[in-house]
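Engineer: Provided below are the primary sequence and the corresponding predicted coordinates.
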Amino acid sequence: MACQLPYNFGALPKQFSSYETSRVVILPVPYDQTTSYLAGTRDGPRAIITASRNLELFDEELERETYQAGIATLDELIPIISGPPAMIKVVEEEVDGHLKAGKFLVMIGGEHSITLGAVRAFKKRYDDLSVLFLDAHADLRDNYQGTPYSHACVGRRIREEGVFLIQAGLRSLSKEEADYISRSGIETYRARMMMERSSWVNQLIDALSGRVYLSIDLDILDPSVMPAVGTPEPGGLSWYQLIDLVRDVACRREIVGLDVMELCPQPGDISPDFLAAKLVYRVLGYSLCP
């Protein structure tokens, strides 16, 4: 019988990818019902997993093989098309089950709206949870295109869960969102300020509680680095600026779970898919063993 490459994150053999023995689970959620500009993030999870099968699994920066903690790739969640609240509920229940099993959960999307379901599940487990929301957009609208559960509203819905929310990388927002930030006092670190100063890093980490859920919308990166997103914005972070931020947070706080969202694969260009896969692996490495 011919030797077959496993179809899972990292193309790992069974001894490092079975659910029972793995510390980490990868949850693919191919959902993009409220995407408002370029659709296609439903194809993001599969592209990330496909690219991950070609990753070098010795992390040259961390100088270790993170996969040895065990990484189980779950089946894709079936999209619920009755509306975002039902999908968010499915995500919450799925994540809750894996947290009860003691797993470190990594969700890969899919649009950013479903982060709300994951945060709800983590909030049940961690009373002191903070959410570090890395995104080019504020996502703080009260309602967008007829639903309060649009990807453009997810930050506001997370805030309403009573979770401490910090935003970083912001460089696009509406007047409504700017007013909400002023009223609510949400700590917000705009991309231009992050580029021009260095003092913000300690301030951001000091504000986080001991346990952090990390949510990364790939459009936090500059489009020159990550063009494959539904709503690209100029002026984003570089690869190393993002990695340095994650490293500094992981060194001083416990990252208890994470998601990497909004990859919108572009035919003929596999480099964004590979970047997303490597980002998942690198952030996972820092989260498990900073």
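Structural biologist: Thanks, I have the structure now.
Engineer: which sections of this structure are below the confidence cut-off?
Structural biologist: Residues of the chain meeting the criterion pLDDT under 70: 1-2, 290.
Engineer: hey, where'd the strands end up in it?
Structural biologist: Secondary structure of the chain, counting by DSSP state E: strands at 24-29, 71-73, 104-109, 129-134, 164-170, 187-190, 211-217, 254-261.
Engineer: Tabulate those strands (JSON lines), appending distance to residue 202.
Structural biologist: Every residue, glycine included, has its C-beta placed from N, CA and C. Converted to JSON lines, the strands of the chain look like this (distance: least, C-beta to C-beta, whole Å):
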{"stretch": "strand 24-29", "distance to residue 202": "29"}
{"stretch": "strand 71-73", "distance to residue 202": "32"}
{"stretch": "strand 104-109", "distance to residue 202": "26"}
{"stretch": "strand 129-134", "distance to residue 202": "14"}
{"stretch": "strand 164-170", "distance to residue 202": "13"}
{"stretch": "strand 187-190", "distance to residue 202": "12"}
{"stretch": "strand 211-217", "distance to residue 202": "15"}
{"stretch": "strand 254-261", "distance to residue 202": "17"}
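Engineer: for the ones you listed, which one sits closest to residue 88?
Structural biologist: Residue 88 lies closest, by C-beta to C-beta, to one member of those: strand 24-29, at 10.3 Å.
Engineer: Adjacent strands (with direction) for that closest one?
Structural biologist: strand 71-73 (parallel), strand 104-109 (parallel) (DSSP bridges).
Engineer: what comes into contact with the last one?
Structural biologist: In this case it means strand 104-109. Defining contact as C-beta atoms under 8 Å, 6 or more residues apart in numbering, one finds that strand 104-109 is touched by 23-31, 41, 44-45, 48-49, 91, 95, 98-99, 114-115, 118, 256-263, 276, 280, 284, 287-288.
Engineer: picking that back up, out of the strands paired with strand 24-29, deepest packed?
Structural biologist: strand 104-109 (a mean of 26; mean count of other C-beta atoms under 10 Å).
Engineer: how much does that strand deviate in direction from strand 254-261?
Structural biologist: Orientation check (axes from the mean of the first three to the mean of the last three C-alpha atoms, to 10 degrees): strand 104-109 against strand 254-261 gives 20 degrees.
Engineer: what's the angle from strand 104-109 to strand 211-217?
Structural biologist: 20 degrees.
Engineer: now the contacts of strand 104-109: which count as buried?
Structural biologist: 24-31, 41, 44-45, 48-49, 91, 95, 98-99, 114-115, 118, 256-263, 276, 280, 284, 287-288 (16 or more other C-beta atoms under 10 Å).
Engineer: The closest residue to residue 181 other than its chain neighbours: what's it in contact with?
Structural biologist: Leaving aside its sequence neighbours, residue 181 sits nearest to residue 188 (C-beta to C-beta, 6 or more residues apart in numbering; 5.6 Å). Neighbouring residues of residue 188 by C-beta under 8 Å, 6+ apart: 138, 166-168, 170, 181.
Engineer: Now distance to residue 122 and neighbour count too, for these, in JSON lines please.
Structural biologist: Putting the contacts of residue 188 into JSON lines (distance: C-beta to C-beta, whole Å; neighbours: other C-beta atoms under 10 Å) gives the following:
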{"residue": "138", "distance to residue 122": "21", "neighbour count": "25"}
{"residue": "166", "distance to residue 122": "15", "neighbour count": "19"}
{"residue": "167", "distance to residue 122": "17", "neighbour count": "25"}
{"residue": "168", "distance to residue 122": "19", "neighbour count": "23"}
{"residue": "170", "distance to residue 122": "22", "neighbour count": "26"}
{"residue": "181", "distance to residue 122": "23", "neighbour count": "18"}
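Engineer: As TSV, these with distance to residue 209 would be great.
Structural biologist: Formatted as TSV, these follow (distance: C-beta to C-beta, whole Å):
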residue	distance to residue 209
138	21
166	10
167	16
168	16
170	21
181	20
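Engineer: Relative to residue 28, how far out is residue 106?
Structural biologist: Remark: distance between residue 106 and residue 28 (C-beta to C-beta, to the nearest Å) = 10 Å.
Engineer: Residue 177 now?
Structural biologist: 29 Å.
Engineer: next one: residue 67
Structural biologist: In terms of C-beta to C-beta, residue 67 sits 17 Å off from residue 28.
Engineer: Also residue 117?
Structural biologist: Taking C-beta to C-beta, one finds residue 117 at 14 Å from residue 28.
Engineer: do the same with residue 144
Structural biologist: Going from residue 144 to residue 28 by C-beta to C-beta gives 25 Å.
Engineer: before we move on, what about residue 283?
Structural biologist: 16 Å.
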